[in-house]
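1. pasting the structure only:
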């Protein structure tokens, strides 16, 4: 084959190859083949991501995002499909957004704006508007959320934008509020860029209380006295160490440590108090005891020719009650009785009530914990009708 024939043959083969490529079917990823459905609630500035249930319907909420839609309803309502995406995208007024994904026309999902294509040039005042309507029409997101859509939601993923006051299936997240001074303000707190100074912010320890109950509290209670959150407000696991004995009353030094997923650590040493704050419990010696008294019994208590005193009557009452504190019997000196004056006055007047007398008993333990007031009923019984028990309580 001469050179002219070879050239014609190569041109023919090239043309045939081009025709074959053109004839190949175009691979569209439609919403039915996409893994997710995106809902944007303009009224609540919330994005909810759904995945399919067992029947292939998008009914399972998997992720909630706080957003900023357009001011004055500039974000259009309706149903759309995602198309192009951009690692960085120039936006209105010379600003730039990270992880932009087109919804329709000039409307995109993207991060809050930057002054330049530099993650250290965040417009922090605009970031602090997340959760409110603040954009020129696009749906602004924190970087991690914009990146999640950029990475996981394929071309053709359906987007529904609507207004609703109805509670969404997932709670609206709270955006981190950026301080308006210092180097942190120029970075999105959620940006995973290794240079992001937010990644070095240590967790915050929150002290709830520092008192525990001796013999009742456990190490779990000790741990629950303190919690920790990272800069996003997410919970961070806390550990505790120290030389303490939760069964003994005293003061102990313990150290709490919180370490986030990036290895940032916060430690705090606290002085905890293990004490007794549980009040005694007063009850009858026998639950079925009927406390009945006659005039001759009261006279015997007072002593021949003596007046009935508060001290004597109180001692007599105490034999019918018992006070327990942590399983131990409270000493008689810790039991107080009130309401005896009426019985004493009626004894002096020889005029007793037919209805039971109410007497109030309390107990105080060695740590000053006072019991609830316990009501004791004492029935006066006329000895002339001692066999008649119809009015005994």
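-> Yep, it's here. Not measured: the values here are computed from a predicted model. Numbers count the residues shown, from 1 in each chain.
2. Next, count neighbours for the residue nearest to residue 71 when sequence neighbours are not counted.
-> Counting by C-beta to C-beta, 6 or more residues apart in numbering, residue 133 is the residue found nearest to residue 71 once chain neighbours are left out, at 5.2 Å. Placement of C-beta: from N, CA and C, glycine included. Applying other C-beta atoms under 10 Å, we find 18 residues neighbouring residue 133.
3. And for the one 4 residues further on?
-> Other residues near residue 137 number 18, with proximity taken as other C-beta under 10 Å.
4. now do the one 10 residues further on
-> Other residues within reach of residue 147, judged by other C-beta under 10 Å, total 19.
5. where does it fall, phi/psi-wise?
-> phi -70, psi -40 (degrees, to the nearest 10).
6. Name all residues that make contact with the closest residue to it other than its chain neighbours.
-> Using C-beta to C-beta, 6+ apart and skipping residues adjacent in sequence, the residue nearest residue 147 is residue 99, 4.5 Å away. Applying C-beta atoms under 8 Å, 6 or more residues apart in numbering, we find residue 99 in contact with 85-87, 109-111, 143, 146-147, 149-150.
7. Show me where the stretch 251-393 of the chain has its strands.
-> 265-275, 281-284, 292-293, 321-325, 328-329, 335-338, 357-363, 374-380 (DSSP state E, counting those that start in this stretch).
8. Please verify my assumption that residue 43 contacts residue 164.
-> Yes. Using C-beta atoms under 8 Å, residue 43 is in contact with residue 164, at 6.0 Å.
9. can you list the weak-confidence ranges in the stretch 151-300 of the chain?
-> 288-289 (pLDDT under 70).
10. pLDDT score assigned to residue 5?
-> Note for residue 5: predicted pLDDT of 56.
11. what's the spacing between residue 307 and residue 353?
-> 20 Å (C-beta to C-beta, to the nearest Å).
12. Also residue 234?
-> For residue 234, the distance to residue 353 - C-beta to C-beta - is 66 Å.
13. Kindly report the same for residue 82.
-> From residue 82 to residue 353 the distance is 86 Å (C-beta to C-beta).
14. ditto for residue 57
-> 76 Å.
15. returning to that earlier point: ok, so what distance separates the residue nearest to residue 147 from residue 323?
-> On the measure of C-beta to C-beta, residue 99 and residue 323 end up 68 Å apart.
16. just to revisit the earlier point, between residue 82 and residue 353, point out the one with more neighbours.
-> Ranked by neighbour count (other C-beta under 10 Å), residue 82 and residue 353 place residue 82 first, with 25 against 11.
17. List the residues that contact that one.
-> Contacts of residue 82 by C-beta under 8 Å, 6+ apart are 38, 101-103, 149, 153-157, 159.
18. mind redoing it with 10 Å?
-> Counting by C-beta atoms under 10 Å, 6 or more residues apart in numbering, residue 82 makes contact with 29, 31, 34, 36, 38, 101-104, 108-109, 149-150, 153-159.
19. Quick check: closest non-adjacent residue to it.
-> For residue 82, the spatially nearest residue (C-beta to C-beta, 6+ apart) is residue 157, at 4.5 Å.
20. Could you do residue 227 as well?
-> residue 206 (4.8 Å).
21. Now do the buried residues in whatever helix or strand that neighbour lives in.
-> Element membership for residue 206, per DSSP states H and E: strand 204-207. With burial defined by 16 or more other C-beta atoms under 10 Å, the residues of strand 204-207 counted as buried are residue 205.
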